[in-house]
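> structure of the sequence below:
(one chain, ligands or ions: 2)
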Amino acid sequence: WGYWGAPNPANRRSLLIFLKILNAMIETASAVGHAHDDNCIFCKIAAGHIPSRKVYEDEELLAFHDIAPWAPVHFLIIPKRHIASLAHTQPADAALLGRILTLAPQLAAQEGCNPYPAGGFRVQINTGEEGGQEVHHLHVHVIGGPRPWKK
Ligand code: AMP
Ligand code: ZN
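Ligands and ions are numbered 1, 2, ... in the order given. Model prediction:
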């Protein structure tokens with residue numbers, strides 16, 4: 001155990017507390033970090049530098065119509081903060097993801113999707129190349145309206 005000596009229970013407890021604090025710090029950093037990516041089209045839309053047809057906006061979320069809709073209703077919900085994909089989310093992002101998912105049905109109804117169960121909508125999160133993700137800023141597709149759809 002060399003210089004540090006053999007761990008005793010008190011040391012182990014402080015080590016565990018230290019690791020918990022470190023973990024919390026990493027989660028917080030990932031939740032506030034990477035706020036903006038200069039080369040990201042959705043960051044530019046979130047910042048208002050590129051126009052979009054807005055569906056909804058609050059402090060942390062933006063929803064806007066997809067530029068190439070597959071269906072009568074097709075909009076995207078994004079966090080304003082740059083998160084590259086669903087694969088980049090952390091436990092600290094759980095509330096953000098929950099807000100996006102609970103917003104989806106409200107906005108779907110607002111944008112004209114027919115009510116469940118005869119109506120409804122599809123929620124899709126393409127993740128990574130093999131997942132079909134083209135824009136690498138987390139976005140949730142909300143797609144609906146009377147069929148047929150393009151995809
Ligand atoms: P994904 O394949 O999941 O990455 O989807 C990216 C989506 O973003 C596609 O459906 C595009 O049509 C849409 N999109 C790309 N650029 C814009 C833009 N400037 N405004 C609105 N939607 C966009
Ligand atoms: Zn971005």
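> what lies in contact with the lowest-mean-pLDDT helix or strand in the chain?
Within the chain, no helix or strand scores below helix 9-32, which has a mean of 77 by mean pLDDT, DSSP states H and E. Outside helix 9-32, the residues that touch it by Cβ atoms under 8 Å, 6 or more residues apart in numbering are 7, 81, 90-93. For every residue, glycine as well, the C-beta is placed using N, CA and C.
> please point out which parts of the next helix or strand after that helix sit buried.
Sequence order places helix 41-46 as the next helix or strand after helix 9-32, per DSSP states H and E. Across helix 41-46, burial judged by 16 or more other Cβ atoms under 10 Å covers 42-46.
> swap in stretch 107-120?
107-109, 111, 113.
> quickly check the contacts of helix 9-32 for the two that are furthest apart.
Distances among the contacts of helix 9-32 were taken as Cβ to Cβ; the most separated pair is Pro7 and Arg81, at 39.2 Å.
> which one's more surrounded, those two?
Per other Cβ atoms under 10 Å, whichever of Pro7 and Arg81 has more neighbours is Arg81, with 20 against 12.
> need the pLDDT of the more buried one.
Confidence at Arg81, expressed as pLDDT, is 97.
> count of residues packed around the closest residue to it other than its chain neighbours?
What sits nearest to Arg81 in space, not counting adjacent residues and going by Cβ to Cβ, 6 or more residues apart in numbering, is Ala35, at 5.2 Å. Neighbours of Ala35 under the rule other Cβ under 10 Å: 10.
> wait, Ala35 sits on His82?
Yes: checked against Cβ atoms under 8 Å, the pair Ala35 and His82 is within contact range at 6.4 Å.
> could you give the mean pLDDT of stretch 128-142?
For stretch 128-142, the per-residue pLDDT averages 98.
> near ligand 1, which residues of the protein are found?
41, 50, 52, 64, 66-68, 126, 132-135 (Cβ under 6 Å from any ligand atom).
> which residues touch the longest strand along the chain?
Assignment by DSSP state E gives strand 73-79 as the longest strand of the chain. The contact list for strand 73-79, computed with Cβ under 8 Å, 6+ apart, reads 42, 45-46, 55-56, 60-66, 96, 100, 103-104, 107-108, 111-113, 121, 137-145.
> kind regards, and thank you for your time.
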